[in-house]
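Peer 1: missing the sequence, but the structure's below:
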């Protein structure tokens, strides 16, 4: 079983001490170390470091009252200052240069990503899955929320696949590719079909399910970038739910269902609806300031602004807006830029990925629900990556304890 190991710098950061103190712990027998493959640098067991950290004081950056601080070592995704990193690659740079499928493979296997357009790999539903998915999806009301619709189809596909219990990495990846291709295929088509849809990218097929605008290489490329930027984000709530399910050796479909349950909340995967409303109000009234003021009145904050995990700004938002704005129509671009200016001044913060995804939907004639669809489809790649990593850990390692605060037993 392969366990993630930490560098001395990472260990020091987790313990809140200097690197010299880490080595002092080693010399005093408090902490053990191993030598890396280069024969020089030290590596530390993440579980041992975590156990030592929890014997000491809470982390200094744990400032929100009432929160639970959970820290896990992962080789998948890191938030480093104002950068999001996938296995050592800058996510914003990946969004500009490679395909979503390539990034998913990077997260799942560590395979270096290929430049966009160089891969001939096309994800397709496994035989028989489309029939099951379409049969189940056809029974749902048209008004069904997108995340719940995806969850119902995922559950049905799980029931139809007895080999879902095969947790070998290659099998899990095959399940994931088929599942994601199927979920996209059963979304109602709203635009013109992509030529040779069977050979189109996942983003190309998703475009026709979300936008009434005809797809073009530049438009699909921006959607592809959005999927990449949303593929994973460290240990977000839904990702932690997915990992906990994987720790029980739940199959990949159950892992995705766990993630979908957590992501359905208005403060997670559905967080794009509120900023989308700001853009619509700004276009209807002609006043971005009024739209931002109304959102502030309704939500008690300006939606889509700021992110607690970044030092200054969410790099995903900056990247997506940079790629999107040149493609937006003049009127839509003016509206988006007006809302951005008013929101930034009012919130005294920079936009996050929820606002950027809402801007993408707004500028490309997608409905508000498209923000959820993009988030959900993208994040499945991350959940599967975390599941594969968790399958390599000791099972059932999550066991939080409750501090009973109810009435005492009768005397």
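Peer 2: Sure, I can see it. Just so it is clear, the model here is predicted, and its values are computed rather than measured. Numbering: from 1, shown residues only.

Peer 1: and the strands in the stretch 251-400 of the chain?
Peer 2: Secondary structure of the stretch 251-400 of the chain (DSSP state E, counting those that start in this stretch): no strands present.

Peer 1: mind listing the helices in it by residue range?
Peer 2: Counting by DSSP state H, counting those that start in this stretch, the stretch 251-400 of the chain forms helices over residues 252-263, 273-285, 288-299, 315-324, 330-347, 353-363, 369-391, given from the N-terminal end onward.

Peer 1: just name the shakiest helix or strand of the protein by mean pLDDT.
Peer 2: When the helices and strands of the chain are compared on mean pLDDT, DSSP states H and E, helix 46-55 comes out lowest with a mean of 76.

Peer 1: what are the buried residues along the helix or strand just after it?
Peer 2: Past helix 46-55, heading to the C-terminal end, the next element that is a helix or strand (DSSP states H and E) is strand 77-80. The neighbour-count check on strand 77-80 (16 or more other CB atoms under 10 Å) flags 77, 79 as buried. Heads up, the C-betas are built off the backbone N, CA and C, glycines and all.

Peer 1: sheet partners, orientation included, of strand 77-80?
Peer 2: As defined by DSSP bridges, the strand partners of strand 77-80 come to strand 83-86 (antiparallel).

Peer 1: what is the mean pLDDT for the partner strand?
Peer 2: In this model, strand 83-86 has a mean pLDDT of 96.

Peer 1: and after that strand, which helix or strand comes next?
Peer 2: Towards the C-terminus, the helix or strand next in line after strand 83-86, according to DSSP H and E, is strand 89-90.

Peer 1: near residue 200, how many other residues are there?
Peer 2: Residues lying near residue 200 (other CB atoms under 10 Å) number 18.

Peer 1: please look at residue 150 and residue 374 and confirm they touch.
Peer 2: No - no contact is recorded between residue 150 and residue 374 when judged using CB atoms under 8 Å, the distance being 11.9 Å.

Peer 1: where does the prediction get shaky in the stretch 51-200 of the chain?
Peer 2: Low-confidence segments of the stretch 51-200 of the chain (pLDDT under 70): 54-69, 117-121, 191-199.

Peer 1: at 80 instead, please
Peer 2: For the stretch 51-200 of the chain, residues meeting the criterion pLDDT under 80 lie at 51, 53-71, 116-121, 190-199.

Peer 1: quick one, helices of it?
Peer 2: Secondary structure of the stretch 51-200 of the chain, counting by DSSP H, counting those that start in this stretch: helices at 91-97, 100-109, 129-137, 146-159, 169-185.

Peer 1: give me whichever of the ones you listed is most buried.
Peer 2: Greatest average neighbour count among the helices of the stretch 51-200 of the chain goes to helix 100-109 (a mean of 24), per mean count of other CB atoms under 10 Å.

Peer 1: which other helices and strands contact it?
Peer 2: If contacts are counted by 3 or more CB pairs under 8 Å, 6 or more residues apart in numbering; DSSP states H and E, helix 100-109 sits against strand 83-86, helix 169-185, helix 202-210, helix 217-230, helix 369-391.

Peer 1: can I get the ones you listed in JSON lines with distance to residue 49?
Peer 2: Conversion of these to JSON lines gives the following (distance: least, CB to CB, whole Å):
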{"stretch": "strand 83-86", "distance to residue 49": "20"}
{"stretch": "helix 169-185", "distance to residue 49": "25"}
{"stretch": "helix 202-210", "distance to residue 49": "37"}
{"stretch": "helix 217-230", "distance to residue 49": "30"}
{"stretch": "helix 369-391", "distance to residue 49": "17"}
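
Peer 1: for residue 364, what are its contacts?
Peer 2: 210-211, 213, 219, 222-223, 327 (CB atoms under 8 Å, 6 or more residues apart in numbering).
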